[in-house]
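In: Mind looking at a prediction? Sequence and model below.
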Amino acid sequence: MLIEAIQKEKKQIRESGRRQGKREGKREGRLDIARLMFRSGESIEKIKRYTGLSDATIRKLQRKLQEQ
């Protein structure tokens, strides 16, 4: 019974980690798309519409790209 509880807990932790990894991967992908769009001269509104990123995130990314 204890072993089953431990195995169940391990499975839940693993699944939680996978979900978190997927979320982070999707976000990183959207940031990559935004970077490409900025470099192509697209507007902030268009980047926001296509990536679903917030204004704050897009403007922060824009500042980082300008510093490079």
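Out: Arrived safely, thanks for sending.

In: What does the spatially most central residue of the chain show for phi and psi?
Out: Most central in the chain under CA atoms, centre = their mean is Arg27, positioned 1.3 Å from the mean C-alpha point. Main-chain torsions, Arg27, degrees, to the nearest 10: phi -60, psi -40.

In: Now do it against Gln7, distance only.
Out: 31 Å (CB to CB, to the nearest Å). Where you see a C-beta, it was placed from the backbone N, CA and C, and this is true even at glycine.

In: Just the buried residues of the strand or helix carrying Ala5, please?
Out: When elements are assigned from DSSP states H and E, Ala5 belongs to helix 2-39. Of the residues in helix 2-39, those buried by neighbour count under the rule 16 or more other CB atoms under 10 Å are Arg30, Ala34, Met37, Phe38.

In: what two of these are the furthest from one another?
Out: Arg30 and Phe38 (12.7 Å; CB to CB).

In: Check which helices and strands the helix holding Ala5 sits against.
Out: Packing partners of helix 2-39 (3 or more CB pairs under 8 Å, 6 or more residues apart in numbering; DSSP states H and E): helix 44-51, helix 55-67.

In: Out of the ones you listed, which is the most enclosed?
Out: Counting by mean count of other CB atoms under 10 Å, helix 44-51 has the highest mean neighbour count of the helices and strands packed on helix 2-39, with a mean of 15.
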